[in-house]
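# pasting a predicted model and its sequence here:
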Amino acid sequence: MNNTNTSSPVDETVIGPILESAVRVDAGRIKAIIEKALLMKGLDLTEVAALSSISDPELLGELFAAARRVKDEIYGKRLVIFAPLYISNLCANECLYCAFRARNTGLKRRALSQAEIAEETRLIINQGHKRVLLVAGESYPREGFSYVLKAIETVYGVKEGAGEIRRVNVNVAPLTLDEFKQLKATNIGTYQVFQETYHRATYKNVHVSGKKADYDWRVTAPDRAMQAGINDVGIGVLFGLCDWRFEILALMQHIRHLEAHFGVGPHTVSVPRLEPASGSDTACHPPKPVSDVDFRKIVAILRLAVPYTGIIMSTRENANLRRETFALGVSQISAGSRTNPGGYGDGEQEDESQFSLGDHRSLDEVVRDVAELGYIPSFCTGCYRLGRTGADFMDLAKPGEIKYHCDPNALSTFQEYLLDYGSPATRTVGTKLIADTLAAMNPLQRSISTTLLDQVNTGKHDVFC
Ligand code: SAM
Ligand code: SF4
């Protein structure tokens, strides 16, 4: 295997014994772990395992309360918003849970042309988005991987009215070191790759054929991305394939591996749950379903275990569950999403989509709802464009410094959204939220924010600090 760091980041043999002893942990120890988590220095594997064993409602309440405090302390009320952009559903892999799998003859295959990608981008911009997550199956049209590189260039090249996409994140199959270097050169934000399951035997069962059947090639992809200089890497688990307690311990091992080797962990962790997908029994009947309570537990435990890592919640989940997880630790959400290539123009098409959505609301409806709950929808892309990525971002985030950048930038990009794209109802809610947020700020934060807001109010775009 070329360019691969073959030392596996995950050692399954230690996970079983840790989970077994976690069952015997008493309430006093759990309370002590929750106290420790409030110091916001993260948790080790045995502590994460102990928290995953909580079933007592009182302790569960304490876990959730601690997660809320840490989320509030580090992220304040911001929620970063993005849209996925599916460019192709061609795929040579047979992942049993995905509608794009190679042998799913019921799926209409489609790879967007560059002109179609530009058109989809215009539609996304006209919703008010500034960030996209570009997604593709693992098989590209004739030009091969350069199709993805061109697509990124196309997205960045679209100017539509006063808007444009300012950050393209990418979720495509693992690449070679050289391909990662080419990807980095296109100026992407985050490269995302989910291991799906860290459990080798389960992985083998659900990845029947194609390149993705190689567990090691996938689990070492974040290493190669970081070696190629991509500082912001996102990882994740597809929950529902294997016991979630096993998965979060393995995920923690993966995070610690990245920290040990590159001095910085993943920029984000995603927590997709298996959703029904056309032509997939596995997706419709998950082997190890995760209940809503356990799902909330996963978010809360991750918030405490890796306080400075972003947690992403997609529109796989319904509006109610999404709302609850905002408080428990989620820092980024998608909105107004489609999972079929061409979906922003054509609408949701089940026979071209990857999976069913749980939240079908428009971006404006999500923004209004989020604002009514007191969260500031942020379209900020400042950090990455000022080079605050990887370890630099984490250093800034750790002492809470980021508040002096993120809160003002969240307010100014939210105001830009309200003026350019917000419906009257959303503007009313948003304007009040901005005023209330300014009033609650300390004088320095308020002065920085007011300067940016004044610029936006006089017609300036893309202001950030
Ligand atoms: N094809 C690339 C890959 O597999 O890495 C990247 C894109 S793939 C479309 C993005 C993610 O969708 C996968 O990593 C998987 O976690 C998720 N996914 C696949 N089937 C799903 C389903 N039925 N429900 C929820 N998420 C699913
Ligand atoms: Fe293809 Fe990715 Fe779906 Fe697997 S998860 S079938 S690799 S698109």
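Perfect, I can see it now. Residues are numbered from 1 along each chain as shown. Ligands and ions are numbered 1, 2, ... in the order given.
# what about the strands in the stretch 301-450 of the chain?
With strands called from DSSP state E, counting those that start in this stretch, the stretch 301-450 of the chain shows them at 310-313, 332-334, 376-378.
# average pLDDT across the longest one?
Computed over strand 310-313, the mean pLDDT rounds to 96.
# in its sheet, what does it sit against?
Using DSSP bridges, the strands paired with strand 310-313 are strand 268-270 (parallel), strand 332-334 (parallel).
# rewinding a little: mean neighbour count, the strands of the stretch 301-450 of the chain: which tops it?
Each of these was scored by mean neighbour count; the highest is strand 376-378, a mean of 26, by mean count of other CB atoms under 10 Å. For every residue, glycine as well, the C-beta is placed using N, CA and C.
# average pLDDT for that one?
Confidence for strand 376-378, expressed as mean pLDDT, is 96.
# about what we covered before: want to throw the strands of the stretch 301-450 of the chain into a markdown table with distance to E179?
Formatted as a markdown table, the entries for the strands of the stretch 301-450 of the chain read as follows, by distance: least, CB to CB, whole Å:
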| stretch | distance to E179 |
| --- | --- |
| strand 310-313 | 24 |
| strand 332-334 | 25 |
| strand 376-378 | 31 |
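# reformat the strands paired with strand 310-313 as TSV; add distance to A391.
Conversion of the strands paired with strand 310-313 to TSV gives the following (distance: least, CB to CB, whole Å):
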stretch	distance to A391
strand 268-270	15
strand 332-334	20
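# nearest to D462, of the ones you listed?
strand 332-334 (19.6 Å; CB to CB).
# and that closest one with ligand 1, contact?
No: in terms of CB under 6 Å from any ligand atom, no part of strand 332-334 sits within range of ligand 1; the closest distance is 12.1 Å.
# buried sites along stretch 193-204?
V193, F194, Q195, E196, T197, Y198, H199, T202, Y203 (16 or more other CB atoms under 10 Å).
# thinking the first one is in contact with I235, fair?
Yes: because the distance of 6.7 Å satisfies CB atoms under 8 Å, V193 is recorded as touching I235.
# now the common contact residues for these two.
Counting by CB atoms under 8 Å, 6 or more residues apart in numbering, the contacts common to V193 and I235 are P222.
# and the stretch 301-450 of the chain, which of its residues are near ligand 1?
R316, Q354, F355.
# name the member of the residues you listed with the most neighbours.
Sorting those by how many neighbours each has (other CB atoms under 10 Å) puts Q354 first, at 26 neighbours.
# and that residue, what does it touch?
Contact partners of Q354, counting by CB under 8 Å, 6+ apart, are Y86, N89, C98, A99, F100, V135, A277, T339, N340.
# quick one: neighbours of the fifth one, just the number.
For F100, the count of nearby residues is 29 (other CB under 10 Å).
# for the contacts of Q354, which one is nearest F246?
Sorting the contacts of Q354 by distance to F246 puts C98 at the head of the list, at 21.3 Å, by CB to CB.
# distance check, that closest one against S278.
C98 sits 10 Å away from S278, going by CB to CB, to the nearest Å.
# again with G390
38 Å.
# equivalent analysis for G189, please.
Distance from G189 to S278, counting by CB to CB: 30 Å.
# picking that back up, secondary structure and distance to I376 added to the contacts of Q354, as CSV?
Putting those into CSV (DSSP: H, G, I helix; E, B strand; the rest coil; distance: CB to CB, whole Å) gives the following:
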residue, secondary structure, distance to I376
Y86, strand, 28
N89, coil, 34
C98, coil, 34
A99, coil, 35
F100, coil, 35
V135, strand, 26
A277, strand, 33
T339, coil, 27
N340, coil, 30
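# of these, which is the most crowded?
Each of the contacts of Q354 was scored by neighbour count (other CB under 10 Å); the top score is that of F100, with 29 neighbours.
# report pLDDT for that residue.
Here the pLDDT value assigned to F100 is 97.
# tell me the contacts of it?
Contacts for F100 were tallied using CB under 8 Å, 6+ apart; they are N89, L90, C91, L107, G137, Q354.
# and the residues you listed near ligand 2, which?
C91, G137.
# okay, now Q127: neighbour count?
17.
# so it sits against E365, correct?
No: Q127 is beyond contact range of E365, at 10.9 Å (criterion: CB under 8 Å).
# rewinding a little: export the residues of the stretch 301-450 of the chain next to ligand 1 to a markdown table and tack on pLDDT?
Compiled in a markdown table, these are given as follows (pLDDT from 0 to 100):
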| residue | pLDDT |
| --- | --- |
| R316 | 90 |
| Q354 | 87 |
| F355 | 83 |
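# state the distance from the residue of the stretch 301-450 of the chain found nearest ligand 1 to ligand 2.
Among the residues of the stretch 301-450 of the chain, F355 lies nearest to ligand 1; the distance is 3.8 Å by CB to the nearest ligand atom. Taking CB to the nearest ligand atom, to the nearest Å as the measure, F355 falls 9 Å from ligand 2.
# quick one: that residue from V330, how far?
As for F355, its distance to V330 is 19 Å (criterion: CB to CB).
# how about the helix or strand where A32 lies: buried residues?
Mapping A32 onto the secondary structure by DSSP states H and E places it in helix 27-37. Buried residues in helix 27-37, counting neighbours by 16+ other CB under 10 Å, are found at I30, I33, I34, K36, A37.
# so who does the first one touch?
Counting by CB under 8 Å, 6+ apart, I30 touches A50, L51, I54, L59, E62.
# narrow those residues to those in strands?
When the contacts of I30 are checked against strands (DSSP state E), there are no matches.
# how about CSV for the residues you listed, with pLDDT and neighbour count added?
Rendered in CSV, the data for those read as follows (pLDDT from 0 to 100; neighbours: other CB atoms under 10 Å):
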residue, pLDDT, neighbour count
A50, 98, 24
L51, 98, 26
I54, 96, 22
L59, 97, 16
E62, 98, 17
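# domain assignment for the protein?
Following the assignment in automatic domain parsing, the chain carries domains at 73-360, 382-457.
# how far does the shortest one sit from the chain's center?
Once both centres are worked out by CA atoms, centre = their mean, to the nearest Å, domain 382-457 turns out to sit 20 Å from its chain's centre.
# and the residue nearest the centre of the chain, what are its bridge partners?
The C-alpha lying nearest the average C-alpha coordinate of the chain belongs to I312 (CA atoms, centre = their mean; 3.2 Å). Taking DSSP bridges, one obtains S270, Q332 as the residues bridged to I312.
# 22 is where my numbering starts, stick with that
Done: numbering now begins at 22, and the last item shifts to I333.
# against P398, how distant is it?
Distance, I333 to P398, by CB to CB: 15 Å.
# can you check I209 too?
23 Å.
# same check on N125?
If you go by CB to CB, the gap between N125 and P398 works out to 35 Å.
# could you do H306 as well?
H306 sits 35 Å away from P398, taking CB to CB as the criterion.
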